[in-house]
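Q: All I have is the shape, not the residue letters:
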C-alpha cells in the first residue's frame, strides 16, 4: 500500500525526536528515537480521509513509512542538513504553516456564519442577477482592422464558426466556433454587454467591439430568462465565501494593527 504524507505530517516527523520523549507508548523506536503514536494516528486519519480503509494493513503501512522516514531524517541530521540555513528556513516555513492552519481552523469554528447570513447573501445575489442570459459567439482579434475584415467576410456570406476557428486568438472558444456558452451581461466586459442589448437573435454585430482583451466580432445565437440556482444547491459555497470574507477582513485588521518596521 502506497502511503503519502501531508506537509503537516512531514513536518511533525522532523520534530518526532522531541515529541517522542513525552510519548509513553511510541509507535516504534528507531536507533533509540521514539516515533510518537499520535503521529501514526494522524497519518492514518489523513489516509482514511482520502478514502483508504481503516484496517491493519493501513496501520502497518503507516508504521513502515514512518520508520523509513525516521531513518532518513536521522541520516540527514548526521550530515548536518538540519543546520543548513536553507533547510532551517524551510522547516520554519512549514512550522508556521501548521500554526497558521490551526489558528485559521480555530477562528472559523469560533466565528461561524449564521444560516440567516447565508440566506441573506443568496437573496442579494439573486436580486443582482441579470434577468436575461445570452448564448454568444465571438471572434477575438488584436486589431480593429482585422475585426472589420472579418465583418466584411460575414457580410459576404462567410460562416461565423469557420472564421472563429481560423482567426480568433481566444484559445478557449475558437475550436468551438467562437461559442462561449450561456452568459449573463454582468459577467462580461461592459462593451460586450452593451452590444448584446442591441442585437437580434441569429445576427452578428456590424461593428467591432473593443475591450481590454482586444477587438471582438459578436453573434447572438439565443437568449433566455435567467433562472437562479436553488438555495440548497449553493448554500455550502455561499457559506464558504462568507467565511473567507470574514477571515480576510479579520486578517487584514490584524495586519493593519501590527507594528512593521
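A: Arrived safely. Since the model is a prediction, treat every value here as computed from it, not as a measurement. Numbering: from 1, shown residues only.
Q: Residue 209 against residue 195, yeah?
A: Yes. With contacts defined as CB atoms under 8 Å, residue 209 counts as touching residue 195 at a distance of 5.1 Å. Backbone N, C-alpha and C define where each C-beta goes, glycine included.
Q: Now name the helix or strand holding residue 105.
A: helix 85-110 (DSSP states H and E).
Q: Next: residue 217.
A: With DSSP H and E as criterion, residue 217 is part of strand 214-225.
Q: Only the buried residues of that strand, if you could.
A: 214, 215, 216, 217, 218, 219, 220, 221, 223 (16 or more other CB atoms under 10 Å).
Q: Need the max-distance pair from these.
A: 214 and 223 (24.5 Å; CB to CB).
Q: Can you show me the helices along the stretch 51-200 of the chain?
A: Along the stretch 51-200 of the chain, counting by DSSP state H, counting those that start in this stretch, helices occupy 56-78, 85-110, 115-128, 144-155, 160-167, 190-196.
Q: Now tabulate the ones you listed in JSON lines and tack on mean pLDDT and mean neighbour count.
A: What follows is these, written out as JSON lines (pLDDT from 0 to 100; neighbours: other CB atoms under 10 Å):
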{"stretch": "helix 56-78", "mean pLDDT": "95", "mean neighbour count": "16"}
{"stretch": "helix 85-110", "mean pLDDT": "95", "mean neighbour count": "12"}
{"stretch": "helix 115-128", "mean pLDDT": "95", "mean neighbour count": "13"}
{"stretch": "helix 144-155", "mean pLDDT": "97", "mean neighbour count": "16"}
{"stretch": "helix 160-167", "mean pLDDT": "96", "mean neighbour count": "18"}
{"stretch": "helix 190-196", "mean pLDDT": "94", "mean neighbour count": "17"}
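Q: so which of those gets nearest residue 30?
A: Between these, helix 56-78 lies closest to residue 30; by CB to CB that is 4.3 Å.
Q: one step back: so which bits of the helix or strand following the strand holding residue 217 are buried?
A: Downstream of strand 214-225, the next assigned helix or strand under DSSP H and E is helix 231-257. By 16+ other CB under 10 Å, the buried positions in helix 231-257 come out as 234, 235, 238, 239, 242, 243, 246.
Q: ok, now how distant is the fourth one from residue 54?
A: It refers to residue 239. To residue 54, residue 239 is 29 Å away according to CB to CB, to the nearest Å.
Q: quick one, domains of this protein?
A: If you go by automatic domain parsing, the domain ranges for the chain are 7-108, 130-225.
Q: Distance to residue 116 for those domains - can I get that in JSON lines?
A: Output for the domains of the chain, formatted as JSON lines (distance: least, CB to CB, whole Å):
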{"stretch": "domain 7-108", "distance to residue 116": "18"}
{"stretch": "domain 130-225", "distance to residue 116": "25"}
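Q: picking up where we left off before, okay, and the common contacts of residue 209 and residue 195?
A: Residues within reach of residue 209 and of residue 195 at once, by CB atoms under 8 Å, 6 or more residues apart in numbering, are residue 218.
Q: Now do the same for the residue nearest to residue 170 when sequence neighbours are not counted: its pLDDT.
A: Distances taken as CB to CB, 6 or more residues apart in numbering put residue 140 closest to residue 170, at 4.2 Å, once the chain neighbours are dropped. For residue 140, the model assigns a pLDDT of 97.
Q: Contact partners for residue 220?
A: 134, 135, 136, 196, 199, 200, 201, 202, 203, 204, 205 are the contacts of residue 220 under CB under 8 Å, 6+ apart.
Q: can you name the two of those residues that are farthest apart?
A: 135 and 205 (14.4 Å).
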